[in-house]
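Undergrad: Fold the following, please.
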Amino acid sequence: MSNIKEIIKATLFVAGEGVEKKAIREKLELSENEFNKAIEQIKQELSGESGILLIEYKDKIQLCTNQDYVSEVSDILNPIREKALTKATLETIAIIAYKQPITKLEIEEIRNTKSADYAVQMLLDNKLIEVVGRKDAVGKPFLYGTTDEFLKRFNLTNISDLPSYEDLLERIKLIRMETEVQQTTDSLYRDHEISQEEIIPDFLKDEDIQTIEGDSLPEVNLAEQE
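TA: Alright, predicted model coming up:
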């Protein structure tokens, strides 16, 4: 198989996270020597000033962005990412307001998205929602509900004063337009920047990580996004 390394690179790109080396080797029916040779070739290609590097931790390998370009990548992606997250976050708070108490999985099912982690975390950080308990189900997932700050943000006296769902969506639309066009100080995302801590994938935290080429860890992985 002459294109082994290209298949491995394509697999890692699509995965967007660490993939077990054993799984790749077995699926491609490669000997350990063949696999290591392909990895070495990829390592040579993705080194130096390359925008993408290869890292390994435990028995996994993964593609991630070269930390030397974090500043430039942040400058480009922050406005795009902030706009998208504004929409996702406001949609999420609407769901929580009407369906509370609700779990993150239930939010994802309603929004038809794979992950609501970032939107939920932003709402928690801005004190618009809070954990109100745990659901009596497998894993005891957190239940989320709105806060007094949410009531103030949407000019409500009580949660029972919620407008119709259509009216709330209209309010959300107006708030989103203000955020995108006017960039007022009331924005949920004012002064929001991609920090070094934020851009480290959660599943890499506390891991013994090293770059295959022996350099310091690239601290941003941009292969996924909600």
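
Undergrad: ok now the helix or strand harbouring residue 5, how far from the chain's centre?
TA: Assessed by DSSP states H and E, residue 5 sits inside helix 4-15. On the basis of Cα atoms, centre = their mean, to the nearest Å, helix 4-15 sits 21 Å off its chain's mean C-alpha point.

Undergrad: Now the element after it, going C-ward?
TA: In N-to-C order, the element after helix 4-15 by DSSP H and E is strand 19-20.

Undergrad: what's the weakest-modelled helix or strand in this structure?
TA: Among the helices and strands of the chain, strand 209-211 carries the lowest confidence by mean pLDDT, DSSP states H and E, at a mean of 47.

Undergrad: Give me the helices and strands touching the helix holding residue 5, please.
TA: helix 32-45, strand 60-65 (3 or more Cβ pairs under 8 Å, 6 or more residues apart in numbering; DSSP states H and E). Every C-beta, even on glycine, is put in place using the N, C-alpha and C of the backbone.

Undergrad: what's the most buried one of the ones you listed?
TA: strand 60-65 (a mean of 23; mean count of other Cβ atoms under 10 Å).

Undergrad: Give me the helices and strands touching the longest helix along the chain, please.
TA: Ordering each helix of the chain by length in residues (DSSP state H) puts helix 70-99 first. Judged by 3+ Cβ pairs under 8 Å, 6+ apart, the packing partners of helix 70-99 are helix 104-111, helix 117-125, strand 142-146, helix 165-177.

Undergrad: What residues sit buried inside that helix?
TA: Going by neighbour count (16 or more other Cβ atoms under 10 Å), the buried part of helix 70-99 is 70, 73-74, 77, 81-82, 85-86, 88-97.
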